[in-house]
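Novice: Output the structure for:
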Amino acid sequence: MLVFLVNPNAGGERGYRVFKKLERRLLRTKTEYQVYVTGGIGEARQLAAKLTEVPDNKELTLVAVGGDGMLNEVLDGARLSERLRFGFIPVGRDSDFARGLKLPVTPLGCLKRILAPREERSLDYGVVEFGGNEPLHHRFLVSCGVGFDAEWLSGLYAFEQRRGRHSRLLWLGTRRREGLRALLRARCTRGYFETDSGQRVEFGHLFLLSAQLQPTEAGGIRLANQVPLSDGQLTVSVLNTQSRLQQARLLLLPRRLQPEAYAGVRVYRCREFHLCLDEALSFHTDGEGRGSRQEFTVRCVHRQIRFLC
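Specialist: Next up, the predicted model:
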């Protein structure tokens, strides 16, 4: 069964219009499908949980139509099994997941791949656990991070909720403005992380830490020279500097080709790590804000997501 979960407000309220065009192709090809249009934050997670709560012998394919945040909700809510597959139709141009997997640039091209996939890839996904009296965890497919990028993305999300994205030029200007605001608000803190191999790294001025599964995050920012896909490890990029010039130079000019050459940037590879900070900083998974966090564990689950592409 093919099930579409549609965010109607994705891409500046383009999500629903995009799916209606895709639906005409589904009707012409007489494809059996179901569609659910979400009405708010968290609904896609609840729908994915409900659709997968009872094991079934039939193949089920969940297709997220929207942005990386929509795909994150579907993954986070779904009960994973050998008979569950995922698909993604990005709405807009800023999907880091679509960029990393080199998906077709048009929604119709992505639909064609889902209906007649060239391959079924087994992808890694990440899990972040916050612990405490009531353990919480979230999955991610692109990245999770603490510090500046989470602060920036929360500002972008708040603006999009108020006004939508509208034109591409307006959205690029908004990204830059919110980035400058986040840069002025962001702060550094001391902390350390320990990897599963026993390595311990301490930081005096931690400005950003990002655990990545895709080459870019936050709509195209590159924080490491190379991020291998689905190799069972996380690429952990750290910006450890209190210099505003170094922070702005790396982060406000997206798609840097050699980020590791900048002062204050360190990159680590590991399967799991535990981070502890002196002060809580903003946190995100796949661009979705998760409040402020001071301590958490992140691990990579190797090749457990079946994805059509």
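Novice: I figured G179 hits W152, correct?
Specialist: Yes: here G179 lies in contact with W152, judged by Cβ atoms under 8 Å, at a distance of 5.4 Å. To be clear about C-beta, it is placed using only N, CA and C from the backbone, and glycine gets the same treatment.
Novice: So between those two, which is more surrounded?
Specialist: In this comparison of G179 against W152, neighbours counted by other Cβ atoms under 10 Å, the higher total goes to W152 at 29 against 24.
Novice: my hunch is that the more buried one is in a strand, does that hold up?
Specialist: No: counting by DSSP: H, G, I helix; E, B strand; the rest coil, one finds W152 to be helix, located in no strand.
Novice: Return the distance of it relative to G100.
Specialist: W152 sits 20 Å away from G100, taking Cβ to Cβ, to the nearest Å as the criterion.
Novice: related to what we said a few turns ago, next, show the common contact partners of G179 and W152.
Specialist: Common neighbours of G179 and W152 (criterion: Cβ atoms under 8 Å, 6 or more residues apart in numbering): L251.
Novice: Show the subsequent helix or strand relative to the helix or strand containing A211.
Specialist: Taking DSSP states H and E as the definition, A211 sits inside strand 200-212. Following strand 200-212 in sequence order, the next helix or strand is strand 234-240 (DSSP H and E).
Novice: would you put the C-alpha positions of that next one in CSV?
Specialist: Provided in CSV are the C-alpha atoms of strand 234-240 (Å, rounded to 0.1, in the frame of the first residue of the first chain):
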residue,chain,number,x,y,z
LEU,A,234,28.2,9.9,12.4
THR,A,235,30.3,12.9,11.2
VAL,A,236,30.5,15.3,14.2
SER,A,237,31.4,18.8,13.3
VAL,A,238,32.3,21.3,16.0
LEU,A,239,32.9,25.0,15.9
ASN,A,240,34.9,25.9,19.0
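Novice: Parallel or antiparallel, list what pairs with that strand.
Specialist: Sheet pairing of strand 234-240 (DSSP bridges) gives strand 200-212 (antiparallel), strand 265-270 (antiparallel).
Novice: now these in a markdown table, with mean pLDDT and mean neighbour count?
Specialist: Formatted as a markdown table, the strands paired with strand 234-240 follow (pLDDT from 0 to 100; neighbours: other Cβ atoms under 10 Å):
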| stretch | mean pLDDT | mean neighbour count |
| --- | --- | --- |
| strand 200-212 | 96 | 21 |
| strand 265-270 | 95 | 17 |
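Novice: Figure out which of these is closest to T241.
Specialist: The closest of the strands paired with strand 234-240 to T241 is strand 200-212. By Cβ to Cβ, the value is 5.8 Å.
Novice: Please state the offset of the lengthiest helix in the chain from the chain centre?
Specialist: With secondary structure taken from DSSP state H, the chain has its longest helix at helix 168-185. Here the centre of helix 168-185 is set off from its chain's centre by 19 Å, with Cα atoms, centre = their mean, to the nearest Å.
Novice: which other helices and strands contact it?
Specialist: Packed against helix 168-185, as judged by 3 or more Cβ pairs under 8 Å, 6 or more residues apart in numbering; DSSP states H and E, are the following elements: helix 148-163, helix 244-251.
Novice: and if we set it to 7 Å?
Specialist: Helices and strands touching helix 168-185, by 3 or more Cβ pairs under 7 Å, 6 or more residues apart in numbering; DSSP states H and E, are helix 148-163.
Novice: Render the CA-only coordinates of the helix or strand where R113 lies in CSV, please.
Specialist: Counting by DSSP H and E, the element that carries R113 is helix 107-115. In CSV, the C-alpha atoms belonging to helix 107-115 read as follows (Å, rounded to 0.1, in the frame of the first residue of the first chain):
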residue,chain,number,x,y,z
PRO,A,107,8.1,16.5,-7.4
LEU,A,108,6.9,14.6,-10.5
GLY,A,109,10.4,13.2,-11.0
CYS,A,110,10.4,12.0,-7.3
LEU,A,111,7.0,10.4,-7.8
LYS,A,112,8.2,8.5,-10.8
ARG,A,113,11.1,7.1,-8.8
ILE,A,114,8.7,6.0,-6.1
LEU,A,115,6.3,4.3,-8.5
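Novice: who's in contact with it?
Specialist: 18, 22, 25, 29, 31, 63, 87-91, 103-104, 308-309 (Cβ atoms under 7 Å, 6 or more residues apart in numbering).
Novice: and with 8 Å instead?
Specialist: Outside helix 107-115, the residues that reach it (Cβ under 8 Å, 6+ apart) are 2, 18, 21-22, 25-26, 29, 31, 61, 63, 65, 87-91, 98, 103-104, 308-309.
Novice: swap in stretch 189-197?
Specialist: By Cβ under 8 Å, 6+ apart, the residues outside stretch 189-197 that reach it are 200-206, 209, 236, 268, 270-279, 281, 299.
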